[in-house]
Structure formats: C-alpha cells, structure tokens
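Colleague: using only what follows, build the 3D model:
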Amino acid sequence: MINEAKTLIGQILKASAQLSLITKRPFTPDGHMVGSIGEVYAQQYYGVELYPPSHKEHDGIWRGREVQIKATQRTSVELKGPSELLLVLKINSDGSFEEVYNGDGKSVWQSLGHRKATRAGEIGISIEQLKKLNV
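Modeller: Next comes the predicted model:
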C-alpha cells in the first residue's frame with residue numbers, strides 16, 4: 001500500500017509538470033491537494049489514524065496523541081495554533097517526501113510568539129526554521 005500511494009502521488013506531480021510545459025504556465029498542486037497528499041503519507045508511513053475531513057485543529061491521532069499534519073512544496077507552512085503533535089512534510093516533485101518536523105506542536109507555536117497572526121489567525125514558519133527545531 002505504501003509504494004502504491006507513492007506511485008500514484010508521483011503520477012499526479014508528473015502530470016502537473018507536463019501540464020506546465022504544455023501551457024507555459026505554473027501548474028503546481030498546492031493548497032488542499034498537497035495537504036491531502038501529506039495526510040496520505042502520514043497514514044501510510046507513520047500509521048496516523050486520520051479524522052474525517054475538516055476536523056478542527058488536528059488531522060488525526062497517533063499513539064493516543066492528536067497530530068496536526070502540514071505538507072508543502074514551498075519554503076514555508078502556515079500554522080493556526082498550537083497542536084499536541086506536529087508533522088510537517090516537504091513533498092518533492094517525484095512524489096517522495098522529506099520529513100521536516102516531527103514532534104511537539106506547542107513548542108513550535110511558542111517559538112512564533114513574537115510574530116503577528118494574519119486575519120485568518122495563521123502564522124507562517126519556514127521549512128528551515130522547522131528543521132532547526134526538529135531535534
């Protein structure tokens with residue numbers, strides 16, 4: 001099942017790249033689709049039991065603890081608040097992923113205390129900053 005998920009995700013990203021070549025316009029999966037890809041990897045690779053879509057604050061449960069899953073193809077992610085556990089994945093263009101952060105979500109949120117949230121209540125954090133916090 002894990003390899004099947006990786007293959008299918010790779011096909012989505014390859015098709016997106018081909019559409020970019022045809023249209024000469026950016027055709028990158030982002031937003032909801034990339035988030036859903038991250039949730040697939042969290043379920044398949046980490047064993048996260050996913051909540052139904054649009055669950056408030058957390059995306060699933062892992063070993064009895066709630067986890068927020070963030071995935072991106074960019075250089076940052078947006079957080080809406082503290083979470084018990086935080087898993088951040090960088091999705092590569094070939095469908096593979098890199099674990100950027102896997103740990104306590106509250107400490108990450110506290111590290112952003114000096115920054116002002118957007119109107120949507122989000123605060124962005126760079127992938128590089130998350131890597132430094134992932135100890």
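Colleague: all the strands of the protein, in order from the start?
Modeller: 49-50, 60-62, 65-72, 76-79, 85-91, 97-104, 123-126 (DSSP state E).
Colleague: spatially central residue for this protein, please.
Modeller: residue 71 (1.5 Å; CA atoms, centre = their mean).
Colleague: how near is it to residue 123?
Modeller: 17 Å (CB to CB, to the nearest Å). (Each C-beta comes from the backbone N, C-alpha and C, glycine too.)
Colleague: now do residue 27
Modeller: 28 Å.
Colleague: who's more crowded, these two?
Modeller: residue 123 (20 against 14; other CB atoms under 10 Å).
Colleague: who touches the residue lying closest to the more buried one once chain neighbours are set aside in this structure?
Modeller: Once flanking residues are discounted, residue 123 sits nearest to residue 112: 4.7 Å by CB to CB, 6 or more residues apart in numbering. Taking CB atoms under 8 Å, 6 or more residues apart in numbering, we find residue 112 in contact with 79, 123, 125.
Colleague: okay, and the beta partners of the last one?
Modeller: Legend: beta-bridge partners of residue 125 under DSSP bridges are residue 77.
Colleague: just to check, it is in contact with residue 109?
Modeller: No. With contact defined as CB atoms under 8 Å, residue 125 does not reach residue 109; the gap is 9.1 Å.
Colleague: what sits in contact with each of these two?
Modeller: Joint contacts of residue 125 and residue 109 (CB under 8 Å, 6+ apart) are residue 79.
Colleague: who's more crowded, those two?
Modeller: More crowded of residue 125 and residue 109, by other CB under 10 Å: residue 125, with 23 against 18.
Colleague: distance of that one from residue 52?
Modeller: 26 Å.
Colleague: and if you look at residue 10?
Modeller: 27 Å.
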